[in-house]
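In: here is a sequence with its predicted model. Questions after.
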Amino acid sequence: MKVLVIVLGVLVLLVIVLGAWIAGIYNSLVALRNRFNNAFAQIDVQLKRRYDLIPNLVETAKGYMKHEHDTLEDVIKARNIALAASQSAAANPADAGAMKSLVSAESGLTGALSRLMVVSEQYPDLKANQNMMQLTEELTSTENKIAFARQAYNDSVMGYNTTRETFPNVIFAGMFGFLPAELFKIDDPAERNAPKVSFN
């Protein structure tokens, strides 16, 4: 009888230790997932700032660039696509499809902004416009903040994915529904550069 009680006590202790260990794995994965979700929220804040600046930039340029209607329309269209993709990714940053759509939309927006900046170089009065200079300075600052936020997000995703994929965490991650997170990366090397927005 005493042996049975000891064996039962050891089994109960093992179950408690095992449960605490699994709970620790679960809690660390939750903390890491929350960290990369928060890091994406920081990107989202900067992207929204960027999306808010673009219509002002286009409106300022419209008065000077009457013959560049297509370029201005392309920027607004790319901005709207990127905004929709951003909202979709913000709803679930762990969704690989939404993240890929956002990266693609951001690449399109960066290309459209680059074309706008190249075309605007041909308009000296636009380059000298104080409002345009201020907007481009704010856009440049926002692009830098986006780059830092992307780096922080990717660092958080890497930490989450590494913890999720190590043994024995990988066993429990699948059971608890912790899917791999997608990095915010740009595949086309030409798109890695922020649009040049200087009017010097």
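Out: Sure, I can see it. Residues are numbered from 1 along each chain as shown.
In: could you measure Val5 against Leu13, distance?
Out: Val5 sits 12 Å away from Leu13, taking Cβ to Cβ, to the nearest Å as the criterion. Just so you know, the C-beta spots here come from the backbone N, C-alpha and C atoms, and that holds for glycine as well.
In: run the chain-centre distance for the helix or strand bottoming out on mean pLDDT in the chain.
Out: Within the chain, no helix or strand scores below helix 124-128, which has a mean of 79 by mean pLDDT, DSSP states H and E. The chain centroid and the centroid of helix 124-128 are separated by 33 Å under Cα atoms, centre = their mean, to the nearest Å.
In: now for the longest helix anywhere in the chain, which elements pack on it?
Out: Using DSSP state H, we find that the single longest helix of the chain is helix 2-62. Packed against helix 2-62, as judged by 3 or more Cβ pairs under 8 Å, 6 or more residues apart in numbering; DSSP states H and E, are the following elements: helix 69-91, helix 96-120, helix 130-165, helix 169-175.
In: between those helices, which gets nearest to Asn37?
Out: Closest approach to Asn37 among these (Cβ to Cβ): helix 130-165, 8.5 Å.
In: which residues sit in contact with the spatially closest residue to Arg164 that is not a sequence neighbour?
Out: Among residues not flanking Arg164 along the chain, Ala173 sits closest, at 4.6 Å (Cβ to Cβ, 6 or more residues apart in numbering). Ala173 makes contact with Ile25, Leu29, Arg164, Glu165, according to Cβ atoms under 8 Å, 6 or more residues apart in numbering.
In: in this protein, where is pLDDT below threshold?
Out: Across the chain, the ranges flagged by pLDDT under 70 are 187-200.
In: how about Asn37, nearest residue that isn't a chain neighbour?
Out: Excluding the flanking residues, the one nearest Asn37 by Cβ to Cβ, 6+ apart is Pro93, at 5.4 Å.
In: tally of neighbours for the one you found?
Out: Pro93: 25 surrounding residues under other Cβ atoms under 10 Å.
In: shouldn't it be in contact with Met99?
Out: Yes - Pro93 lies in contact with Met99 (Cβ atoms under 8 Å); the separation is 6.8 Å.
In: how distant is stretch 141-160 from the center of its chain?
Out: 7 Å.
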